[in-house]
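>>> give me coordinates for this.
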Amino acid sequence: MNKVYNGDSRCLLEILPEGVQVQTTITSPPYFDMKDYGVEGQVGFGQKYEEYLEDLKEIFAQIYTVTKDDGTLWIVIDTFKRDHAVVTLPFDLVQKLNSVGWKLQEIIIWKKDKTVPWSSKGFMQRKFEYVLFFSKQDIMINKRLLEYKSTESIESDPQVRRNDYQKLNRMIDYCETQQCLRQFILSYFGDNSPCTCDKCSNCVVVEDQKGKEKSVPACQSDSERAGIVRAAS
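Coordinates of the predicted model:
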């Protein structure tokens, strides 16, 4: 569907044609009360924080409705400061989206050396933003549903099952890959350019306690990154 719809995202279900289904949504919401986009009744500017969150919740609930069962949602978003305190917008939004069905699969740190410098007295310079990766269903539940469908449905189309498994496995591969995450996403959409972003958690190089450089795989847990190891017999 190569068509652009220009309208209020809070009325998404009224704007999109009936029967439209979405595989992937990639977006960044309007800033909260920081930028006037010049539209009456806009999302963000002039709103109270809870009103802003409720509007975003409603928008992403409608996106959830039109998203395929194995679909995904990617949101670029960041914290901000009010009254000399950090407002944890990304994590407040996660709670709102959980309540309408979205499942948070990953929190990605997007390293941005050339981002807008918010540094001033009492504020540190911003060097990154968050990318929140959601799926409509839990990955393992989705896999079990596919297995159930393949065994219970006599008329199940083998090609459809293969396509379903392929898309699900690509989601799992993203969570486990040590490849550049930007390159991985681009390759999913057919762009196989041999490049790396040097900013994602797979590309960034940090120093260990001995001063030696080492890469930090995205598939490591927080505890592993902190040097905590657990063993069970």
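>>> helix/strand/coil for Lys35?
Here Lys35 is recorded as coil under DSSP: H, G, I helix; E, B strand; the rest coil.
>>> check Glu129 too.
Glu129 - assigned by three-state DSSP - is strand.
>>> wait, it sits on Lys112?
Yes - in terms of C-beta atoms under 8 Å, Glu129 counts as a neighbour of Lys112; the distance is 6.0 Å. All C-beta spots, glycine's among them, are computed from the backbone N, C-alpha and C.
>>> so for these two, which sits in the more crowded spot?
Using other C-beta atoms under 10 Å as the criterion, Glu129 and Lys112 rank with Glu129 on top: 17 against 13.
>>> list the contacts for that one?
Val76, Ile77, Asp78, Trp110, Lys112, Thr115 (C-beta atoms under 8 Å, 6 or more residues apart in numbering).
>>> that one pairs with what?
Counting by DSSP bridges, Glu129 is bridged to Trp110.
>>> where does the chain have its least confident helix or strand?
helix 222-225 (a mean of 38; mean pLDDT, DSSP states H and E).
>>> pairing partners for the residue sitting nearest the centre point of the chain in the sheet, please.
Using C-alpha atoms, centre = their mean, the residue of the chain that lies closest to the mean C-alpha position is Phe133, 2.4 Å off. Here Phe133 sits in beta bridges with Trp74, Glu106, going by DSSP bridges.
>>> can you lay out the contacts of Glu129 as a markdown table showing secondary structure and distance to Asn98?
Output for these, formatted as a markdown table (DSSP: H, G, I helix; E, B strand; the rest coil; distance: C-beta to C-beta, whole Å):
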| residue | secondary structure | distance to Asn98 |
| --- | --- | --- |
| Val76 | strand | 19 |
| Ile77 | strand | 15 |
| Asp78 | coil | 19 |
| Trp110 | strand | 22 |
| Lys112 | coil | 26 |
| Thr115 | coil | 28 |
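>>> of those, which is the most crowded?
Ile77 (20 neighbours).
>>> ok, now how distant is it from Lys136?
Distance, Ile77 to Lys136, using C-beta to C-beta, to the nearest Å: 19 Å.
>>> and if you look at Gln179?
Counting by C-beta to C-beta, the gap from Gln179 to Lys136 is 24 Å.
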